[in-house]
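# below are the sequence and a predicted model; questions follow.
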Amino acid sequence: LQKGVDTACSDDTSSLKELVAAWVNQEFCPFPLIKLNDKHLRGFASDICGKLLCPAEWDWGNNSVKAGIHDRMSEYIISENSWPLFVYQVNHNNLKEGFLKSKLLVLAFKTIFTSPSSAKEAEGDGYGADILENSRHAQQKSQQMKVKTCVASIINMKKVTPHAITYVVCQVCFALSSVTSWCSMDGNFNYEAFWSNIVDFLKISPALS
């Protein structure tokens, strides 16, 4: 059973490696474009990936912030204790406002739990798209059409859970990074602690979970 879970996670990681890059290229039109099959120039080596991975409370447009992150200065250590910008919609001054409503998360969620084709349908929804609402829409549509069984149906997912959302956030975070093989630590960033932080936040915020 665990082998099957590991294989599924690996498949998701492999798929999102290219898909996340393609979505970022389409949404932000960076120059140069992010290579779909190469992660070495992602992470903070990429201006757009760096912006999306940067803690939301920091201004990536400030050169001193960029330099501090690149030089690993003590006041600019990237850790699991801050929410990266990619998890937010637009207004991120409040933890709950815009949290987990970014287009990247919606597309990734639909790719993993419904189908890649349903993710394509959400590409025009913009950053106002909500993970929960898009998932409900996809489930309703799947009931009306004869389609290949999706992961959500296989695991009998009746609602979006904190763990499902957290799984997607961690997968997108990894896809944006320059790390080429999965590991729990990326510098000072601890994925396991990051996972726990998101799950704990969602459990005390029922409106989100």
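Looks like it arrived, so ask away.
# element containing the most centrally placed residue in the chain?
Compute the mean C-alpha point of the chain, and by C-alpha atoms, centre = their mean the closest residue is Val172, 3.1 Å away. Using DSSP states H and E, Val172 maps to helix 162-176.
# of all the residues in that helix, which ones are buried?
162, 164-176 (16 or more other C-beta atoms under 10 Å). Heads up, the C-betas are built off the backbone N, CA and C, glycines and all.
# same thing with stretch 27-47?
27, 34, 39, 42-44, 46.
# kindly report the same for stretch 73-93.
Going by 16+ other C-beta under 10 Å, stretch 73-93 has these buried residues: 76, 78, 80, 82-89, 92.
# what residues does that stretch touch?
44, 51-58, 60, 65, 67-69, 95, 97-102, 104-105, 127-128, 169, 172-173, 176, 187-191, 193-194, 197 (C-beta atoms under 8 Å, 6 or more residues apart in numbering).
# just give the closest residue to the residue nearest to the centre of the chain, not the sequence neighbours.
Once flanking residues are discounted, Val172 sits nearest to Ala108: 5.0 Å by C-beta to C-beta, 6 or more residues apart in numbering.
# the one you found against Leu16, yeah?
Yes - Ala108 is in contact with Leu16 according to C-beta atoms under 8 Å; the separation is 6.0 Å.
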